[in-house]
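Chemist: Sequence and computational prediction follow.
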Amino acid sequence: MSTVLETNELARWFGRLVAVDDVTVSIDDDEITSIIGPNGAGKTTFYNLLSGTLQPSSGSVKLRPRDSTELVDVTDDEPHEIARQGLSRAYQINNIFEGLTVLDNVRVARISHDRRTSDLTAITKHDEELTEAAWEVLELTNLEDVADTECANLSHGDARKVEIALALGTEPSIILLDEPTAGMNKSETDRMVDLIRRLDEETDTTFVLTEHDMEVVLGISDRILVLESGSLIADGTPDEVMADERVKEAYLGGEDA
Ligand SMILES: Nc1ncnc2c1ncn2[C@@H]1O[C@H](COP(=O)(O)OP(=O)(O)OP(=O)(O)O)[C@@H](O)[C@H]1O
């Protein structure tokens, strides 16, 4: 077990509102970690701080790049720099080129990972290595059957899987998922949970997710972080967190639970 991401007293203010309030956590590479909390608790802001989309007001973020044993300080780094160091965020759909096939989308992700963005025409060329690497990702994410489907024509469930495939294509040390089962029916949800669990086991990538569906959270998480009004009010196993009085009061008893 080793730490893949660490925040130290990370905070972000919007005027007088504290959206993330001195949060100190370390995420281990052998655990699936969920971040939960009522609406407005600070989950999105926390993600934005980790991925560099927002600058922190104070505190720090450290990240362990893949194939490295050392954490590097990425506080104040640009999003593309943080992504290069190994943090990938699976964005809801909008990262996908709708007019390209699933396979070509993953090839584009690989090209950008290999820092060959000046060579985007490689997408139209015969490049066995690139295609092979993309197929590996499609196999991992159970997307082989829709490899030649244009992304605009995918089911919602498959489109969400493509987001994960694009993130995995960059071989990150950690992937942040935004509500990966949102809008899914029960069987799609079950398949997504199984997929994330399997990817966590079969790859060197650590998964972190935000999720409102408590059944998903309890079914998938090794560890749960609970935010309320920007503060980390609980951090532990599902059993520990479910038994926490403050969590029951602040989150599970509330209307947003
Ligand atoms: N750009 C911004 N400017 C001002 N206030 C903001 C901004 N972004 C977020 N906030 C405020 O920060 C607080 C935390 O918001 P955030 O979106 O991080 O919560 P959340 O836990 O992701 O909520 P949800 O579950 O509804 O997505 C909220 O009070 C929100 O109104």
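Modeler: Perfect, I can see it now. Residues are numbered from 1 along each chain as shown.

Chemist: Surely S60 is in contact with A11?
Modeler: No - at 10.4 Å, S60 does not count as touching A11 under the criterion of C-beta atoms under 8 Å. Just so you know, the C-beta spots here come from the backbone N, C-alpha and C atoms, and that holds for glycine as well.

Chemist: what's the following helix or strand after the worst-scoring helix or strand of the chain on mean pLDDT?
Modeler: Among the helices and strands of the chain, helix 102-113 carries the lowest confidence by mean pLDDT, DSSP states H and E, at a mean of 84. Next in sequence after helix 102-113, counting helices and strands by DSSP states H and E, comes helix 128-140.

Chemist: got the contact list for that following helix?
Modeler: 102-103, 106-107, 109-111, 122, 144, 147, 165, 168-169, 199, 202-203 (C-beta atoms under 8 Å, 6 or more residues apart in numbering).

Chemist: Not counting its own residues, what contacts the helix or strand that it is followed by?
Modeler: Per DSSP H and E, the first helix or strand lying C-terminal to helix 128-140 is helix 156-168. With contacts defined as C-beta under 8 Å, 6+ apart, helix 156-168 is touched by 88-93, 95-96, 102, 105-106, 109, 137-138, 140-143, 146, 149, 151, 154, 175, 177, 180-181, 183-184, 188, 191-192, 195-196, 199, 203, 205.

Chemist: out of the contacts of helix 128-140, which is most surrounded?
Modeler: Highest neighbour count within the contacts of helix 128-140, by other C-beta atoms under 10 Å: V102, with 29 neighbours.

Chemist: thinking that residue is in contact with L154, fair?
Modeler: Yes - in this structure, V102 is within contact of L154 by C-beta under 8 Å, at 7.2 Å.

Chemist: Mutual contacts of these two, please.
Modeler: V146, V162.

Chemist: Settle this for me: P238 is touching M214, isn't it.
Modeler: No - taking contacts as C-beta under 8 Å, P238 lies outside contact range of M214: 9.7 Å.

Chemist: Go ahead and list the helix or strand containing the spatially most central residue of the chain.
Modeler: Nearest to the mean C-alpha position of the chain, counting by C-alpha atoms, centre = their mean, stands L176 at 1.4 Å. Element membership for L176, per DSSP H and E: strand 174-178.

Chemist: what does that strand contact?
Modeler: Residues from elsewhere that reach strand 174-178 (C-beta under 8 Å, 6+ apart): 4-5, 27, 44, 47, 50-51, 63, 86-92, 164, 167-168, 196, 205-210.

Chemist: Kindly give a single PyMOL line that selects the buried subset of these.
Modeler: To isolate the buried ones among the contacts of strand 174-178 in PyMOL, judged by 16 or more other C-beta atoms under 10 Å, type:
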select buried, resi 4+5+27+44+47+50+51+63+86+87+88+89+90+92+164+167+168+196+205+206+207+208+209+210
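
Chemist: in the stretch 101-250 of the chain, which segments are predicted with low confidence?
Modeler: Low-confidence regions of the stretch 101-250 of the chain, defined by pLDDT under 70, span residues 113-126.
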